[in-house]
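[1] turn this into a structure:
(one chain, ligands or ions: 1)
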Amino acid sequence: MKVEVSELTDVKILEPKLFCDARGFFAETYSQQAFSAAGINDTFVQDNMSLSLHAGTVRGLHFQAPPFAQAKLVRVGRGRILDVAVDLRRSSPTFGRHVAIELSEENRRQVYIPKGFAHGFCTLEPNTEVQYKVSAPYSPAHDRGLAWNDPELRIPWPVSSEKAILSEKDMRHPRLADLPSDLFEG
Ligand SMILES: Cc1cn([C@H]2C[C@H](O)[C@@H](COP(=O)(O)OP(=O)(O)O[C@H]3O[C@@H](C)C(=O)[C@@H](O)[C@H]3O)O2)c(=O)[nH]c1=O
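    Below you'll find the model as predicted:
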């Protein structure tokens, strides 16, 4: 597995080794041993998947508040996305900054996002299937969001606010400046 550190050092990009043969390929998408060697020691407790029918669907930016904060390991089964993580840790030198990484069924890249980040993505193709592991169970009471198109974040989304396909919930998240200041310390 190839491991790359992103511009936000705690966010990592992982490329599993593909074993190709006449049938196709085999890959280990998660291995506790290999991830631990890469410094990722979260215990993942839930696997999720979503299907987005249309290109230009934006899901995010989402996070769960402590004590249900989630680390995430994201990959694409089918299609292509621009995956985005925003650092929400107040004492971090990269607070408010983001990384945007293309994940696709072609590049087979995965993104590891630690606790303390908001996460979202925009689909770049129809019928895009995203799969991800999370390190804490879903807790609706701790489910939070950050406005995906907050101009302060300066995320280069490939879709305009007018054209993006969003859930009702994702149209109403607060901006970074309006998030509680004590959300993620440390
Ligand atoms: C996230 C989640 C949702 N649900 C339910 C609640 C709701 O009725 C339905 C759809 O939920 P959402 O609209 O929040 O789904 P979605 O917008 O796809 O939310 C996801 O977005 C990406 C960007 C993430 O990072 C994920 O952690 C998650 O927040 O699924 C669960 O049952 N378990 C879960 O873990």
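
[2] state the distance from the residue lying farthest from the centre of the chain to the ligand.
    Most distant from the centre of the chain: residue 22, at 32.6 Å, with distances by CA atoms, centre = their mean. Using CB to the nearest ligand atom, to the nearest Å, we find residue 22 at a distance of 36 Å from the ligand. Glycine gets a C-beta too; all of them are placed from N, C-alpha and C.

[3] how about the residues of this structure that lie near the ligand?
    48, 50, 59, 60, 62, 72, 119, 120, 121, 138, 167, 169 (CB under 6 Å from any ligand atom).

[4] make a markdown table from those and add pLDDT to it.
    Listed next are those as a markdown table, based on pLDDT from 0 to 100:
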| residue | pLDDT |
| --- | --- |
| 48 | 98 |
| 50 | 98 |
| 59 | 98 |
| 60 | 96 |
| 62 | 98 |
| 72 | 98 |
| 119 | 98 |
| 120 | 98 |
| 121 | 98 |
| 138 | 98 |
| 167 | 98 |
| 169 | 97 |
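
[5] for those residues, pick the one with the most neighbours.
    residue 121 (30 neighbours; other CB atoms under 10 Å).

[6] so for this protein, the centremost residue is which one?
    By CA atoms, centre = their mean, the chain has its centre lying nearest to residue 119, at 4.3 Å.

[7] look up the residues forming beta bridges with it.
    For residue 119, the beta-bridge partners under DSSP bridges are residue 62, residue 85.
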